[in-house]
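Okay, sequence plus prediction incoming.
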Amino acid sequence: MTKVLIDCDPGHDDATAILYAAHHLDLVGITTVYGNQSVEKTTRNALSLTALLGIDVPVARGCEQPLLRPFRHGGDVHGKTGIDGAELPAPRQDVVDSHAVDFIIETARRYRDELVLCPIGPFTNVALAMRKEPRLAGWLRGISCMGGTTQVGNTTPVAEFNIWSDPEAADIVFRCGAPLWMVGLNVTRQVGITTHDIERLEAGGLVARTYGGLFGFFRQRLSEIHGLSTASLHDPCALVPFIAPELITYANCPVEIELGDGLTRGMTVCDFRNLTTAKLENIRARATTNCQVAISVDGRALVDHIMEAIVGWGDAGGAIGA
Ligand code: RIB
Ligand code: CA
C-alpha cells in the first residue's frame with residue numbers, strides 16, 4: 001500500500017484529503033503549515049481531525065510564515081477557525097516533538113524510495129526540508145501536490161493560493177528533481193460537492209454529518225466569493241494518482257514559477273507548446289519537463305469515490321464532547 005505524508009493547512013478540502021488518504025493508503029504522517037489559517041489553528045484542526053476519524057497518525061507542527069514575505073493568514077474562504085461549519089472533537093493527541101521540516105526528512109529517510117510527499121498547502125515546510133537535507137528529493141518515491149493552475153487562478157487572476165502564498169518555496173520544490181505530480185485549479189474546480197451530496201452526508205453517521213456541515217460552509221463561501229455552485233475538493237485530487245489513477249489524466253509538461261513582484265507573481269507557467277526545434281531567435285526554448293500536470297478529470301466519478309469513503313467511514317468514537 002502506498003505510504004503518504006500529507007503537508008497541509010486544514011482547511012475543508014485538506015480534511016477531505018486526510019480522510020481519503022487514511023481510507024485508501026498508508027497515511028504515515030501529517031505535517032501542518034500556515035495558509036488557510038495560522039499554523040496554530042491548522043495544527044489544532046489536524047489534531048481534531050485525527051480524533052474525529054480515530055486514526056493514530058503522528059502530527060508535526062510546521063512553519064508560521066513563508067520564506068521571504070510576511071503573510072496575512074487566510075480566513076477568507078475557510079472561516080475564522082480555518083475549518084468552520086461543524087464542531088470538531090477536542091484533540092486526543094499532541095503534536096510530536098519534531099518540527100515538520102525534521103519530521104518530513106526523518107520520515108523520508110525511514111521509508112526511503114517508498115514515501116509519497118503530498119503538499120496541499122503552501123510549500124514552505126517542504127522547501128526548507130529540501131534545503132536542510134539535500135538528499136531528500138532522492139529519497140522520495142515522488143511528490144504529488146495540489147497547487148497552481150494551467151488556466152485561471154483564485155488568489156489572483158493567474159495564481160493559485162498554495163503557490164501564491166510562497167512562490168520561492170514552490171520554485172525550490174518544482175526544481176528539486178523528484179518525480180512530481182501537480183494538480184491545479186483547472187482540474188480541481190471540476191471536483192465539486194453539490195447540495196445533494198451535502199444532504200446525503202447530513203443523513204449519515206457522525207463523521208458523514210460532520211463533513212456535511214463542513215462542506216455546507218465551504219460551498220457557501222465559494223459561492224459568495226467566486227460564484228461557484230459546488231464545494232471544490234481541491235486537495236484530495238493530489239492523492240488520486242495512487243488511489244484511482246484512471247480518474248485524472250496527467251501530461252508531461254515543464255512548469256516554472258513566476259517569482260517577480262508584478263501582476264503574475266506566483267503563476268505556474270505551464271509550457272504545453274509542441275516546439276519541434278530549440279534553435280530559434282525570438283521564440284523562448286521550452287524548459288526540460290519536470291512535472292506531470294493534471295489536464296482532465298472525471299469530476300463526478302471522483303466526487304462519488306470520495307463520498308463513498310466519507311459515508312463508509314465507521315464512526316470512531318470521536319463524538320463531540322466525549
Ligand atoms: O487553492 C486551493 C488550495 O488553497 C487548497 O489547498 C486549499 O485548502 C487552500 O490551501
Ligand atoms: Ca490546503
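Sure thing, it's come through. Residues are numbered from 1 along each chain as shown. Ligands and ions are numbered 1, 2, ... in the order given.

Enumerate the residues of the stretch 1-150 of the chain near ligand 1.
Residues of the stretch 1-150 of the chain that fall close to ligand 1, judged by C-beta under 6 Å from any ligand atom: 9, 11, 13-14, 35-36, 120-121, 146. Every C-beta, even on glycine, is put in place using the N, C-alpha and C of the backbone.

Nearest to ligand 2: which residue in the stretch 151-300 of the chain?
Closest to ligand 2 within the stretch 151-300 of the chain is residue 235: 4.9 Å, counting by C-beta to the ion.

mind checking how far the closest residue to residue 80 other than its chain neighbours is from residue 222?
Among residues not flanking residue 80 along the chain, residue 37 sits closest, at 7.7 Å (C-beta to C-beta, 6 or more residues apart in numbering). Distance, residue 37 to residue 222, by C-beta to C-beta, to the nearest Å: 17 Å.

One more: residue 103?
Taking C-beta to C-beta, one finds residue 103 at 31 Å from residue 222.

If you count surrounding residues, which of the two has more?
residue 103 (25 against 20; other C-beta atoms under 10 Å).

SS state for that one?
helix (DSSP: H, G, I helix; E, B strand; the rest coil).

try residue 117
State at residue 117, reduced to three classes by three-state DSSP: strand.

right, and it touches residue 2 too?
No: taking C-beta atoms under 8 Å as the definition, residue 117 is not a contact partner of residue 2, at 11.6 Å.

Looking at the two, which one has more neighbours?
Counted by other C-beta under 10 Å, residue 117 and residue 2 do not tie: residue 117 has more neighbours, with 29 against 18.

ok, the nearest residue to that one once chain neighbours are set aside to residue 132 distance?
In space, residue 117 comes closest to residue 143 once its chain neighbours are excluded; the distance is 4.9 Å by C-beta to C-beta, 6+ apart. Using C-beta to C-beta, we find residue 143 at a distance of 16 Å from residue 132.

likewise residue 181?
Taken as C-beta to C-beta, the span from residue 181 to residue 132 is 23 Å.

between those two, who's got more neighbours?
More neighbours surround residue 181 than the other of residue 181 and residue 132, with 23 against 13 (other C-beta under 10 Å).

need the contact list for the more buried one.
The contact partners of residue 181, taken as C-beta atoms under 8 Å, 6 or more residues apart in numbering, are 142-145, 238, 241, 250, 291-292, 294.

Residue 75 too?
36-37, 82.

still on that earlier bit, does the residue nearest to residue 80 count as helix, strand or coil?
Three-state call for residue 37 (three-state DSSP): coil.

Let me know how buried it is, in neighbour terms.
When neighbours are defined as other C-beta under 10 Å, residue 37 has 24 of them.

In PDB, list the C-alpha atoms belonging to stretch 96-109.
Taking C-alpha atoms only, stretch 96-109 is exported to PDB below (Å, rounded to 0.1, in the frame of the first residue of the first chain):
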ATOM      1  CA  VAL A  96       5.200  15.200  18.000                       C
ATOM      2  CA  ASP A  97       8.400  16.900  19.300                       C
ATOM      3  CA  SER A  98       9.900  17.300  15.900                       C
ATOM      4  CA  HIS A  99       9.300  20.400  13.700                       C
ATOM      5  CA  ALA A 100       7.500  19.500  10.500                       C
ATOM      6  CA  VAL A 101      10.700  20.100   8.500                       C
ATOM      7  CA  ASP A 102      12.600  17.500  10.500                       C
ATOM      8  CA  PHE A 103       9.600  15.100  10.500                       C
ATOM      9  CA  ILE A 104       9.500  15.200   6.700                       C
ATOM     10  CA  ILE A 105      13.200  14.500   6.500                       C
ATOM     11  CA  GLU A 106      13.100  11.600   9.000                       C
ATOM     12  CA  THR A 107      10.000  10.100   7.500                       C
ATOM     13  CA  ALA A 108      11.500  10.100   4.000                       C
ATOM     14  CA  ARG A 109      14.700   8.600   5.400                       C
END
